[in-house]
Each structure stands twice: as C-alpha cells, then as structure tokens.
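**Student:** model the structure of this input:
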Amino acid sequence: MLQTLKENLSFVLVCVAIFAALVLVAWAAEKLLIREKRKLEPARYIAYMAMFAALAGVLMLIEIPLLFVAPDFYKLDPSEIPVLICTFSMGPVAGVVCEFLKVVLKLLLKGTTTAFVGDFANFAVGCSFVLPASIIYNTHRTFKRAVVSLVAGGLIMTVFGSLFNAVYLIPAFAKLYGAPIDAILGMGQEVNPHVNSVFAMAALCVAPFNVIKAVAVSVITLPLYKRVKKLIKLDA
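**Tutor:** Predicted structure coming up:
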C-alpha cells in the first residue's frame, strides 16, 4: 500500500514539474523570441482559449486505434488541431494551457482507462509538437513558416515521444496499471514481431504512430487555420 502511494505521488510530482517547465519555456519564448505580440484583451484571450480547449477536449473523445502500427492502447485523436490553431493565434503559453485544459475536460467527461498515464502522455507529447511549432511560427507568421513549424514540431514530437515512452511512460504504465512489461511488449509483438524491448517498441510502434499523427494533424490544420484566423479577427 505504501509503495503504491509513493508511486502515485511520484507520478503526480512528475506531471506537475513537466507542466511547470513547459509553461516556463512557453513564457520565456514569448518574452525573448516573439517580437510581434498578439494584442488581445484579457477577456477575449481567455474566451478564445477556453473555446479552443473545449473543442479539443470533445475531439479527444474520438479515439482511432492504428492497429497496423501500434497496440490498441495507442489511439489517434484530432484534439491537437484546435490546440494548434489556438497556439498559432495566441502564442505558446496559450497553446500549453489549452493542451492542459483539453486533457482536464476529457477526464471530466470520460475519466481515464490508463491510470492517468495515457492522459499525461497526451499532454506532454502533444506539447512537444505544439510548443516548438508555435515558437517557430510566431517568430515570423507566414504560410511557409507555418509549414516549417509543423514539420519541425512533428519531428520533435516523434523523437521526444518515442524516448519518453521508452524511458518513462511505458514503465510508469506498467507500475500504475499493474500490467507486466512482458505483457505490454507482447501486445507490441502482435503488431511487429521485432518488438523485443521497451526501446524497440518505442522505435517500431510509437515513432510511426507519432509520424502518422503529425502528418494527419498538420494537413488538416493548415487550411483550417487561415479560415479560423479570419473568424476571430486576427490580422497577422
């Protein structure tokens, strides 16, 4: 019992630390790297962020397993699309907070089936896509820069997501969910017989999954952002 409490507390502390670090990085990027700041009234800023977070939280309920790539506990959802539009429109801090709020809303609507590990993974890995994409785009807002930012964000998410799964997320899921590592690897082997370790699973299952996610989300976000930007009356 005491060991379980320690593991849960450790997981919570890691979640809080990573959230704080991401907000700090986003805030520093806005202050130091982004010269052309979005000028929105506080009430309008909060209202837009809440709107995007609510839409993202609902879209997070749409879960599509990619069984030809990864085990069925890895599911593709379109929630990153409104988060990207939010962060492109209002900056990196708005993107990180929107990413966090969408996960909170999803938990309120549906709860968790992964001992919160999957929900934390969605936030952290999502931010590894959203945050660099936002920083790159908001330093010089052009269509070409938007494409570059999404490609860069997708690559960073693929690398970070794979390493984070191997080093922390899969072992944490095994502990908190009570599933032996061998059982998790067995699920990976059903998809790819070459999965013989946690790092192999990350490379052969998680990385391709994140590549597909990045491409799908980027292809939809690019045309949508231009339309939404006009609706919320942002000139840049």
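
**Student:** just the element for the most centrally placed residue in the chain, please.
**Tutor:** Closest residue to the average C-alpha location of the chain: residue 126 at 1.0 Å, with CA atoms, centre = their mean. Using DSSP states H and E, residue 126 falls within helix 117-138.

**Student:** CA atoms only: put that helix into PDB for me.
**Tutor:** What follows is helix 117-138, C-alpha atoms only, in PDB (Å, rounded to 0.1, in the frame of the first residue of the first chain):
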ATOM      1  CA  VAL A 117      -0.600   7.700 -17.800                       C
ATOM      2  CA  GLY A 118      -2.200   7.900 -21.200                       C
ATOM      3  CA  ASP A 119      -3.700  11.300 -20.400                       C
ATOM      4  CA  PHE A 120      -0.400  12.700 -19.200                       C
ATOM      5  CA  ALA A 121       1.300  11.300 -22.300                       C
ATOM      6  CA  ASN A 122      -1.200  13.000 -24.500                       C
ATOM      7  CA  PHE A 123      -0.400  16.300 -22.800                       C
ATOM      8  CA  ALA A 124       3.300  16.000 -22.700                       C
ATOM      9  CA  VAL A 125       3.800  14.500 -26.200                       C
ATOM     10  CA  GLY A 126       1.200  16.900 -27.600                       C
ATOM     11  CA  CYS A 127       3.200  19.900 -26.100                       C
ATOM     12  CA  SER A 128       6.300  18.500 -27.700                       C
ATOM     13  CA  PHE A 129       4.500  19.100 -31.100                       C
ATOM     14  CA  VAL A 130       2.500  22.200 -30.300                       C
ATOM     15  CA  LEU A 131       5.200  24.300 -28.400                       C
ATOM     16  CA  PRO A 132       8.100  24.200 -30.900                       C
ATOM     17  CA  ALA A 133       5.600  24.700 -33.800                       C
ATOM     18  CA  SER A 134       4.100  27.700 -32.100                       C
ATOM     19  CA  ILE A 135       7.500  29.300 -31.300                       C
ATOM     20  CA  ILE A 136       8.800  28.800 -34.900                       C
ATOM     21  CA  TYR A 137       5.600  30.100 -36.500                       C
ATOM     22  CA  ASN A 138       5.100  33.100 -34.200                       C
END
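
**Student:** quick one: mean pLDDT over the helix ranked longest in the chain.
**Tutor:** When every helix of the chain is counted residue by residue (DSSP state H), the longest turns out to be helix 2-32. Average pLDDT, helix 2-32: 84.

**Student:** following element in sequence after it, please.
**Tutor:** Following helix 2-32 toward the C-terminus (DSSP H and E): helix 42-59.

**Student:** would you mark the buried spots in that next one?
**Tutor:** Residues 45, 48-49, 52-53, 55-57, 59 are the ones in helix 42-59 that count as buried (16 or more other CB atoms under 10 Å). (Glycine included, C-beta is placed from N, CA and C.)

**Student:** helix or strand for the closest residue to the residue nearest to the centre of the chain other than its chain neighbours, which one?
**Tutor:** Spatial nearest neighbour of residue 126, excluding adjacent residues (CB to CB, 6 or more residues apart in numbering): residue 99 at 5.1 Å. Assigned by DSSP H and E, residue 99 falls within helix 92-110.

**Student:** how much space separates the residue nearest to the centre of the chain from residue 200?
**Tutor:** With distances taken as CB to CB, to the nearest Å, residue 126 is found 24 Å from residue 200.

**Student:** how about stretch 140-158: buried residues?
**Tutor:** In stretch 140-158, counting by 16+ other CB under 10 Å, buried: 141, 146, 149-150, 152-154, 156-158.

**Student:** where does pLDDT dip in the chain?
**Tutor:** 1-4, 7, 37-38, 232-236 (pLDDT under 70).

**Student:** could you rerun that using 90?
**Tutor:** Where the chain drops to pLDDT under 90, the residues are 1-15, 30-45, 67-68, 72-73, 89, 111-118, 139-142, 171-183, 225-236.
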